[in-house]
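A.B. asks: here are the coordinates; sequence isn't available:
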């Protein structure tokens with residue numbers, strides 16, 4: 001109770017102790033791993049081939065994938081900081097696959113390990129590109145109109161000065 005009243009106190013994130021077998025990819029190799037503890041921001045994992053601090057790993061449990069960076073390591077245990085928020089219930093309840101999923105590089109595979117499918121991301125980028133193209137075309141047209149008005153004003157001023165001299169001489173003789 002006293003800690004809750006202190007200024008700046010943040011309660012610790014809820015951790016869920018579990019024992020979930022998984023597969024882990026470090027670089028190009030896959031190894032067995034066990035998830036011992038889960039939170040929404042990362043996990044405590046154990047493996048006989050624990051990666052070094054700073055290494056990026058991919059942990060798969062069924063069709064779910066956790067991608068994160070190793071932030072600490074001690075013997076065969078290490079902690080990862082996930083790239084996104086983890087859905088703890090989905091990871092805990094995900095059944096282990098009877099066989100390994102097809103590779104994402106397999107052309108016949110519909111498996112998508114990204115949180116947002118590539119087609120959606122490509123469509124969003126294409127829309128942004130089209131909007132940028134339209135805006136730049138309108139901006140370019142506006143700049144052209146302003147420059148044309150400035151040039152027309154300059155030409156009109158010069159023409160007025162050229163034509164005003166003979167008329168002022170004619171007026172002075174009258």
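C.D. replies: It's in. For clarity, every value in this text was computed on a predicted model and none was experimentally measured. Residues are numbered from 1 along each chain as shown.
A.B. asks: for the chain, spot the helix or strand the model is least confident about on average.
C.D. replies: Here the helix or strand of the chain ranked lowest by mean pLDDT, DSSP states H and E is helix 2-5, holding a mean of 44.
A.B. asks: what's the single longest helix in the protein?
C.D. replies: Counting by DSSP state H, the longest helix found in the chain is helix 118-173.
A.B. asks: which strands and helices sit next to that helix?
C.D. replies: The helices and strands touching helix 118-173, judged by 3 or more C-beta pairs under 8 Å, 6 or more residues apart in numbering; DSSP states H and E, number zero. C-beta coordinates here come from the backbone N, C-alpha and C atoms, glycine included.
A.B. asks: tell me the mean pLDDT for that helix?
C.D. replies: Taken as a whole, helix 118-173 carries a mean pLDDT of 89.
A.B. asks: who does whichever helix or strand comes after the least confident helix or strand of the chain pair up with?
C.D. replies: The helix or strand immediately downstream of helix 2-5 is strand 16-26, counting by DSSP states H and E. Taking DSSP bridges as the criterion, strand 16-26 pairs within the sheet with strand 29-39 (antiparallel), strand 56-61 (antiparallel).
A.B. asks: out of the ones you listed, which is closest to residue 161?
C.D. replies: For residue 161, the closest of the strands paired with strand 16-26 is strand 56-61, at 71.2 Å, according to C-beta to C-beta.
A.B. asks: give the buried residues for that closest one.
C.D. replies: Neighbour counts over strand 56-61 (16 or more other C-beta atoms under 10 Å) mark 57, 59, 60, 61 as buried.
A.B. asks: reformat those residues as a markdown table; add pLDDT and distance to residue 69.
C.D. replies: Shown next, in a markdown table, are the buried residues of strand 56-61 (pLDDT from 0 to 100; distance: C-beta to C-beta, whole Å):
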| residue | pLDDT | distance to residue 69 |
| --- | --- | --- |
| 57 | 94 | 8 |
| 59 | 92 | 12 |
| 60 | 89 | 17 |
| 61 | 86 | 18 |
